[in-house]
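[1] Sharing a model that was predicted from the sequence below.
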Amino acid sequence: MTEEAILQGCLHKKPVAQRELYNRYSPKMLAVCYRFAHNREDAEDMLQEGFIKVFSQIHTFQNKGAFEGWIRRIIVHTCINNLKKNKRFNESVDIIHATGIQIREESVPSIVQAKQVVECIRMLPIGYRTVLNLYAIEGYSHKEISIMLDIEESTSRSQYTRAKQMLEEILTKKKIIQKPKEKEWLAATGR
Amino acid sequence: MQRNIYTDDFERLIRQKADQYKMYPSDQVWKGVYKSLHGRKRWRWAGLAILLLGIGIYTGDWYISDKPAVKIARNIQPSITAANRDFSADKSSIAPGANTVSPSGLTSANTAATNAGEPNSLASAQSRDGIVFRNNEDMLTDQQNSLHPVTAHPINAITTTPDKGLVISNNPLLNELAGLDVSNTEVSRQLKQTAVANKQSGKENTAVVEQVSGKENAMSSFADAASESVLPENKSQNINWLQDYAVFQLTPNRPKRIGLQLYFSPTVNYRKLSGTSYFTTSELKSIPLSPNIMGDVDQYVKHKPALGFELGANLLYRTSKRVNFKAGVQFNYSRYNIEAYSSLPEIATIALNNNQAFIADTISSYSSIRNLSGYAQEDLSNQYFQLSMPVGLEYRVMGNSKLQLKVAGTIQPTYLLNRNSYLITTDYKNYMREPSLIRRWNVNGGVEAYVSYYTGSVRWQVGPQFRYQLLSTYARKYPIKEQLMEYGFKVGVSKMIR
């Protein structure tokens, strides 16, 4: 089915079209939810809630942007709303975590897997992770993030900077990325 | 939304890898979404069905619990009312307590004494001769409608007392039917005489003590009157009264035509798959790189019968001595098991029938259940909850008034309450759930043969039955067809009610 046919079917509440849309976008959207959620079960709950919103609000979609982008925005907002209901998230998003996290060094995988990067992101404290997800991956500005999370714009910036540092450290320890010095040395030695 | 510019490799890497990552949600997520979007509609129908079933059961129960005596009372009520007109003229002259008498020969235990301030004054009246004559409870009250005693207390027609014999209602018809020579009319006449006697002796209703003494007088008067009432000439008068006021008013005893039937049947359920084959126009070929499987789909699935049941209620209408028409409500629980295998989630595709193009539409989903191979065996159970309205005929093949052999057939428009059964993909590789491809409305046919046996007015029946689903379980666009079959042993009970 074409995207247009799916959209029309969903507007008429046809179960076949709804299922098709769900099948087409749910794997990507579950990955989005998973990056925000504590675990897979929470991610699936977010996804379910998000898709219910998508189907019930589909008449508000105007063909100005990409359909996937519209769905993604609904899913992200659903994830944020879910996290905001969690008291622990509200506390952690304002606290700058000074302490590092223990990272176990692993043997270098030959191919950098997307899953490994996502799992590394999930190792970050929830406040860092949320800001990093929104800014670096979802493309929201710090101003938009501050409104979404009810925090200062400066807090968003500082959270992101620290999140980025921590993630770099994790990825380096996991040998998924290399530090610049190492890179230069590896390049010089021809490896 | 303002998009960021990725200034370094790090951010680009993060974004790229995060976007590449995909996860496959479990079936529960879609079930939750679907239930939220379409669940209410289903409950609306289920609620309606339950309401209809409730009304049916209530109506049936009402008819069955309607006592025969009430019906007799209904039939004779006009005549009694007519008879009461005679009483009403003289009623005012009758002292309330005067009819509470206890003669030596017959005892009139009139509970209407409560109206005169003497509760249960003679309720424990002892019978000396073995028969207690029970007058109408409300016979002599002030209201005219109290002269409808049979309607009010029809069941009290004849009952036994602990000490001796019978308590006889003053309902003349019932007494007459019971073979007793007692007439309400006669009793009433005597009671009136008693009241007059009481009046004359100046002992009417002034005090309880006076009433009791008045009753004693009344008792002796009544004893004479009651003994007269059993004389042959009085008996003939009673019969005449019945003829005048009651018998001719009774409707002739027509055979009952409408009955109620309740039944239950444990069933063994199975299915027959058909549709796509190598030699027919196969939708499989529309799927790129799909395996070219030869033969009927039934050969490629392992399914096993399972137990279910059928429960229902019918209204019967006797059209002739041999034929009954029937219609009702029926609930079926059917299921069967499928042997399948667990696997990692993979794309499962169903090709749909499309008469207008060479390339078929497809529905794809993620399934972790395989048909032919996998890392662990998994038994699936397809369950169907169906609500039907069977309409059909019963035919008496042979038998007498007690024992009969009958055959019956029904057509059953059916509504499927659930649509969560597993479908096999058109490449026979996976099983998946796709509610939109399950048909809500269907038609079933049922045949049965049974032996019926009458115990009183109730008919019991036992015998085998077979039910077959005439249309496929699946929608037309799904190329594989499934016909459900049920073999059962029905046990039923029915009663003609009017």
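    Cool, the structure landed.

[2] Could you list which residues are in contact with B:M432?
    Taking C-beta atoms under 8 Å, 6 or more residues apart in numbering or on different chains as the criterion, B:M432 is in contact with B:A348, B:I350, B:S365, B:S367, B:I369, B:Y422, B:L423, B:T425. In this view, the C-beta of every residue, glycine as well, is placed from N, C-alpha and C.

[3] now with 6 Å?
    Listed by C-beta atoms under 6 Å, 6 or more residues apart in numbering or on different chains, the contact set of B:M432 reads B:A348, B:S365, B:S367.

[4] now B:S381
    B:R335, B:N337.

[5] wait, is it part of a helix?
    No: using DSSP: H, G, I helix; E, B strand; the rest coil, the secondary structure at B:S381 is strand, not a helix.

[6] which residues does B:G308 contact?
    Contact analysis of B:G308 by C-beta under 6 Å, 6+ apart lists B:T267, B:N269, B:Y333, B:S334, B:R335.

[7] can you pull up the bridge partners for it?
    Beta-bridge partners of B:G308, counted by DSSP bridges, are B:T267.

[8] how much space between it and B:I480?
    22 Å (C-beta to C-beta, to the nearest Å).

[9] and the residue in the stretch 351-498 of chain B positioned nearest to chain A, what are its phi and psi?
    The stretch 351-498 of chain B approaches chain A most closely through B:S436 (3.9 Å), counting by C-beta to the nearest C-beta. Recorded main-chain torsions at B:S436 are phi -70, psi -20, according to degrees, to the nearest 10.

[10] what's near enough to touch it?
    Taking C-beta under 6 Å, 6+ apart, one finds A:P15, A:V16 in contact with B:S436.

[11] Could you report the pLDDT at it?
    pLDDT for B:S436: 87.

[12] repeat for B:L403
    For B:L403, pLDDT reads 90.

[13] Let me know how buried it is, in neighbour terms.
    Look at B:L403: counted by other C-beta atoms under 10 Å in any protein chain shown, it has 11 neighbours.

[14] follow-up on the earlier one: kindly indicate which of the contacts of B:M432 lies nearest A:V32.
    If you rank these by distance to A:V32 using C-beta to C-beta, B:S365 comes first, at 19.9 Å.

[15] Assign a three-state SS to that closest one, would you?
    strand.

[16] Assign a three-state SS to the nearest residue to it once chain neighbours are set aside, would you?
    Spatial nearest neighbour of B:S365, chain neighbours left out: B:M432 (4.9 Å); criterion: C-beta to C-beta, 6 or more residues apart in numbering or on different chains. Here B:M432 is recorded as strand under three-state DSSP.

[17] and what of the one 10 residues further on?
    Using three-state DSSP as the criterion, the local structure at B:N442 reads strand.

[18] is it in a bridge, and if so with what?
    B:T414.

[19] So what's the residue count around it?
    20.

[20] got any ranges where chain A has weak pLDDT?
    A:87-112, A:179-191 (pLDDT under 70).

[21] got it, and chain B?
    B:1-8, B:40-42, B:60-253, B:276-295, B:354-360.

[22] ok, the longest strand that it contains: who's next to it in the sheet?
    Assignment by DSSP state E gives strand B:323-351 as the longest strand of chain B. Under the criterion DSSP bridges, strand B:323-351 sits next to strand B:302-318 (antiparallel), strand B:362-370 (antiparallel), strand B:376-388 (antiparallel), strand B:391-399 (antiparallel) in its sheet.

[23] how about that strand: buried residues?
    B:324-326, B:328-336, B:338, B:340-341, B:343, B:345, B:348-351 (16 or more other C-beta atoms under 10 Å in any protein chain shown).

[24] which strands and helices sit next to the helix or strand harbouring B:G56?
    Under the criterion of DSSP states H and E, B:G56 resides in helix B:27-65. Applying 3 or more C-beta pairs under 6 Å, 6 or more residues apart in numbering or on different chains; DSSP states H and E, one finds that helix B:27-65 makes contact with helix A:40-56.

[25] how far is the helix it packs on from where the chain is centred?
    How far helix A:40-56 lies from its chain's middle: 14 Å, per C-alpha atoms, centre = their mean, to the nearest Å.

[26] okay, the angle between the helix holding B:G56 and strand B:302-318?
    30 degrees (axes from the mean of the first three to the mean of the last three C-alpha atoms, to 10 degrees).

[27] could you give the angle of helix B:27-65 to helix A:40-56?
    70 degrees.

[28] If you count neighbours, what's buried in helix B:27-65?
    Neighbour-count burial for helix B:27-65 [16+ other C-beta under 10 Å]: B:D27, B:V29, B:W30, B:G32, B:V33, B:Y34, B:K35, B:L37, B:R42, B:L53, B:G56, B:G60.

[29] Leaving out the residues flanking it, which one is nearest to the fifth one?
    Spelled out, that is B:V33. A:F51 (4.8 Å).

[30] Point out the residues in the stretch 351-498 of chain B that sit beside chain A.
    Residues of the stretch 351-498 of chain B lying near chain A by C-beta under 6 Å from any C-beta of the partner chain: B:S364, B:S365, B:S436.

[31] Near chain B, which residues of chain A are found?
    A:15-16, A:22-23, A:26-28, A:30-31, A:34, A:44, A:47-48, A:51-52, A:55, A:114-115, A:117-118, A:136-137, A:139, A:141.

[32] Can I get the buried part of those residues as one PyMOL selection?
    The following PyMOL line selects those of the residues of chain A next to chain B that are buried, judged by 16+ other C-beta under 10 Å:
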select buried, chain A and resi 15+16+22+23+26+27+28+30+31+34+44+47+48+51+52+55+117+118+136+137+139+141
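
[33] Give me the subset of the residues of chain A next to chain B lying in helices.
    Of the residues of chain A next to chain B, the ones assigned to helices by DSSP state H are A:15-16, A:22-23, A:26-28, A:30-31, A:34, A:44, A:47-48, A:51-52, A:55, A:114-115, A:117-118.

[34] buried sites along the strand or helix carrying A:T155?
    Assigned by DSSP H and E, A:T155 belongs to helix A:153-173. For helix A:153-173, the neighbour count (16+ other C-beta under 10 Å) marks A:T155, A:S156, A:Q159, A:Y160, A:R162, A:A163, A:K164, A:M166, A:L167, A:I170, A:L171 as buried.

[35] Distance from the chain centre to that helix, please.
    15 Å.

[36] what comes into contact with that helix?
    Here helix A:153-173 has contacts from A:103, A:105, A:120, A:123-124, A:127-128, A:131-132, A:135, A:142-143, A:145-146, A:177, A:179, using C-beta under 6 Å, 6+ apart.
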